[in-house]
Each structure stands twice: as C-alpha cells, then as structure tokens.
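>>> sequence first, then the predicted structure, then my questions.
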Amino acid sequence: MAMKRFFIEHSEILKDSPIIDGRDAHHIIKVFRLRLKDHMLLIDGSGMEYEAEITGLSKSKVTVSIIREYSTDTESPVHITVGQCYLKDKKMDTLIRHLTEVGIAKWMPIVSEYSVPQPDSKKMDLRTQRWDMIAKEAVKQCCRTRVPEIVPPVPFLQAVGDNSSMDLKIIFYEEETVSLAKTMVSLNQNPLDIFVLLGPEGGFSSKEIELAKSNGFIIASLGPRILRAETASISACTLIQHLFGDMR
Ligand code: SAM
C-alpha cells in the first residue's frame with residue numbers, strides 16, 4: 001500500500017527526533033491508526049519529501065526518525081499567481097482545491113467592481129485558515145511538496161498595479177477574441193513568474209479591462225464560449241501549464 005503523506009513543521013525536520021502534532025498527528029493516530037515502526041512520507045513545504053519511521057506515539061503527538069530525504073518533480077517550473085475576483089458561496093473553496101492540483105504557487109482573492117459578495121473582513125482570518133487547510137489537503141493528495149501561498153483579498157486597482165515584477169500578466173476577458181497562444185507568438189517569451197487575472201460571475205467592467213491594459217496585462221480569450229467563472233480559472237491555469245509549465 002502506498003505510504004500516506006503528512007505535513008511536518010520545517011523546524012522539526014532539523015531535530016534529532018522530529019515531532020508531528022496537530023491535525024496531521026490526529027490523522028496518523030486516530031484515522032489511519034499507524035503503529036510504531038510504520039513508515040510514511042512527510043512534507044514540510046520546502047519542496048523536499050522525507051521518508052520517516054514512527055518511533056513514538058502519544059495521544060496527540062507522533063515522533064519519527066527520518067530515513068531518507070529527496071526532492072520530487074511535482075512542483076511546476078513556472079510560478080503562477082491567480083488573481084481571482086471574489087465568487088459567491090463555496091466556489092472559492094472549490095477553486096483553491098482544483099488550482100492547487102493544477103500547480104499554482106499563489107492565490108490572491110480580488111475585490112472587483114462586479115464581484116459579489118464583498119469579503120467580510122471580520123471573517124477573513126477564518127476564511128484564509130480554511131483555504132490554507134484545503135490547499136494543504138490538496139497538496140498531500142496530488143503529491144506536491146509546496147503549499148500555495150494564500151494572501152488576503154486586495155482591491156482590483158492594487159492587484160493590477162502591484163505586479164510589475166511579473167514576467168507575464170494576463171487578464172482573461174470574455175469579450176476578447178484572440179487566444180493566449182496567438183498573442184504569445186508575437187511576444188515569444190519563456191515567462192517564469194506569471195500573474196493570471198480572472199473575473200467574477202458578473203465579469204469585468206470595461207474600465208477594469210482598460211486599467212489592466214494600461215498596467216501591461218495581455219487581454220486573452222479562452223475561446224468562443226462563455227465559461228462559468230470556476231471553469232474559466234481551471235481552464236486558464238491548465239492552459240498556462242500547457243504553454244509554459246509542466247503540462248506541455
Ligand atoms: N459577465 C460575463 C457574461 O455573462 O457575459 C461572464 C463572466 S464569466 C462567468 C467569469 C470570468 O471567466 C470572466 O470575467 C473571465 O475572466 C472568464 N471567462 C469566461 N469565459 C471566458 C472566455 N471565453 N474568454 C476569456 N475569459 C473568459
């Protein structure tokens with residue numbers, strides 16, 4: 001049976017007897033009921049993976065010894081930041097899961113003109129913690145070794161203005177007709193740091209499109225059909241991985 005994967009704090013890995021606690025310790029002890037000498041795979045978010053053996057078990061902590069460490073090739077060679085205009089209900093949670101699997105590096109919720117609801121700052125910490133947990137579960141499931149960075153929501157104006165360091169900035173616009181591939185032929189780049197901007201259910205206002213354009217964004221189409229927001233975000237990141245990343 002394939003070894004189960006769990007998180008461990010990076011600071012623990014460097015110790016003689018690393019300890020796993022919290023949610024992952026609960027899974028090891030109560031859910032998977034692993035025993036002394038059982039082996040598992042550990043990830044600490046550094047991009048490395050560790051095979052470990054259980055050397056101690058208590059009610060809430062698991063002590064291990066590291067058998068070997070190695071790097072894996074499941075992290076994308078391109079660093080994709082997704083600027084996702086706020087979507088209704090649980091769609092943002094679902095998106096984080098899927099986009100983590102597709103290999104994004106950073107998740108930036110955006111408050112745009114037509115995005116509904118405007119995020120409730122009081123609940124924002126809880127929401128971000130939930131997204132971090134969803135991303136970590138997806139990382140374990142899809143055998144990644146790094147957890148996407150999740151940042152607090154930013155206003156559209158700040159999102160389009162802040163990302164001057166990016167190699168490539170794309171806003172996928174439902175009124176556009178030229179595909180990214182066609183646009184890139186003229187630009188002919190091998191970008192590493194890519195910012196992808198996707199709209200809410202109500203789409204982008206023409207003012208937002210003008211703002212993105214004046215901040216160096218490429219306006220690109222995802223084809224002749226109007227995709228639901230969550231379909232568009234997954235399609236956009238898959239397209240980026242196909243054109244520049246590890247889905248070529
Ligand atoms: N307001 C739009 C309408 O109903 O005509 C729909 C917006 S769509 C549900 C949400 C977002 O998905 C858009 O803002 C855009 O970022 C992306 N999207 C959907 N279809 C697209 C397409 N064919 N080309 C580019 N982007 C698309």
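Yep, it's here.

>>> contacts and neighbour counts: CA atoms only from here.
OK.

>>> up against the ligand, what does the chain have?
Within reach of the ligand by CA under 6 Å from any ligand atom, the chain has these residues: 172-174, 198-204, 221-229, 232.

>>> now, which of the residues you listed lie within helices?
Counting by DSSP state H, those place 229, 232 in helices.

>>> just the buried residues out of the residues of the chain next to the ligand, in PyMOL syntax.
The buried residues among the residues of the chain next to the ligand can be selected in PyMOL (16 or more other CA atoms under 10 Å) with this line:
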select buried, resi 172+173+174+198+199+200+201+203+204+221+222+229+232
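
>>> now, the residues of the chain next to the ligand that are in strands?
If you go by DSSP state E, the residues of the chain next to the ligand have 172, 198 in strands.

>>> what's the mean pLDDT across stretch 132-143?
Mean pLDDT, computed over stretch 132-143, is 96.

>>> quick one: buried residues of it?
Within stretch 132-143, the residues that qualify as buried by neighbour count (16+ other CA under 10 Å) are 132, 134-140, 143.

>>> centre of the chain to it, how far?
Relative to the chain's own centre, stretch 132-143 is displaced by 9 Å; criterion: CA atoms, centre = their mean, to the nearest Å.

>>> next, count neighbours for the closest residue to Ile110 other than its chain neighbours.
Spatially, and ignoring its direct neighbours in sequence, Ile110 is nearest to Cys85 (4.4 Å; CA to CA, 6 or more residues apart in numbering). By other CA atoms under 10 Å, 29 other residues sit near Cys85.

>>> who touches Cys85 in this structure?
109-112, 115, 197-200 (CA atoms under 8 Å, 6 or more residues apart in numbering).

>>> which among these gets closest to Ser58?
Here the nearest of the contacts of Cys85 to Ser58, counting by CA to CA, is Pro109; it sits at 39.1 Å.
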